[in-house]
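# below: sequence and its predicted model.
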Amino acid sequence: MDELEQIRAEVLTCRKCTLCETRHNPVFGEGNRHAPVMCIGEGPGYYEDMAGKPFVGKSGELLDKIFLACGFTRDKHVFIANIVKCRPPENRNPKADEMAACLPYLYRQIELVDPKIIILLGSTALKGLIDPNARITRLRGQWLEWQNRWVMPTYHPSALLRNPELKRDAWEDFKKVIDKYRETVDPAHYSKYH
Ligand code: SF4
């Protein structure tokens, strides 16, 4: 068993925080295990919890449309993971102790997938990976550096669904990701829209 599969096996039986008591399925993450881009969300919602897969509901549909516009596909360019692997009840924000218990899995995933670019989807992802006091409204659209990787914070797709006016800003953020992808991964990368 390779190490990523080893982490998956640990996650599937994990009981390191109380979220294990209410989850149906932990959501390990999915995508190309050597993806140049890693997308990190908050945690599973209802549909993800039922399916055991990341971003499968309406947020997932929107994320797929954004990927399409960027010229990215889930299985080739991207690996998708979350700050916590189990659904918080009623989709509340994960608590600090839950994030602390779960983050070591994510750190190991990042190390193994070794992405050049990390996209943080929403406030919890930004706070969980970068700084508990960071604010998405202030940092979105700006390149950060974390462990020699480029990090772009942007809005979570569910925020875009709740407030479509944010889509324009989010697309500006993703255009920066496309530019960085061309700069660091593939100068010939094709996107129909940028
Ligand atoms: S959220 Fe993470 S730490 Fe908590 S039980 Fe699930 S896998 Fe384990």
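Perfect, thanks for sending it.

# check contacts around residue 36.
Counting by CB atoms under 8 Å, 6 or more residues apart in numbering, residue 36 touches 77, 115-117, 181, 184-186. Backbone N, C-alpha and C define where each C-beta goes, glycine included.

# tell me the mean pLDDT over whichever strand or helix holds residue 159?
Using DSSP states H and E, residue 159 sits within helix 157-162. In this model, helix 157-162 has an average pLDDT of 97.

# after it, next one along is what?
Next along from helix 157-162, by DSSP H and E: helix 167-184.

# centroid residue for the protein?
residue 40 (1.5 Å; CA atoms, centre = their mean).

# so that one sits in a strand?
Yes - the assignment for residue 40 by DSSP: H, G, I helix; E, B strand; the rest coil puts it in a strand.

# name the residues of the chain found near the ligand, please.
Residues of the chain found near the ligand, taking CB under 6 Å from any ligand atom as the criterion, are 11, 14-17, 19-20, 26, 84-86, 98, 101-102.

# can you pick out the most distant pair from the contacts of residue 36?
Greatest spatial distance in the contacts of residue 36: 115 and 186, 13.6 Å, computed using CB to CB.

# compare those two and say which one has the larger neighbour count.
Taking neighbours as other CB atoms under 10 Å, residue 115 and residue 186 compare with residue 115 leading, 24 against 12.

# can you pull the contacts of the residue lying closest to that one once chain neighbours are set aside?
Setting aside the residues directly before and after it, residue 115 is nearest to residue 38 in space (CB to CB, 6 or more residues apart in numbering), at 3.9 Å. With contact taken as CB under 8 Å, 6+ apart, residue 38 is in contact with 31, 78-81, 109-110, 113, 115, 117-119.

# counting neighbours, which of the residues you listed comes out on top?
Most surrounded of the contacts of residue 38: other CB under 10 Å gives residue 79, at 27 neighbours.

# test my guess that that residue contacts residue 41.
No - counting by CB atoms under 8 Å, residue 79 does not reach residue 41; the two are 11.9 Å apart.

# what sits in contact with each of these two?
In contact with both residue 79 and residue 41: no residue, using CB under 8 Å, 6+ apart.
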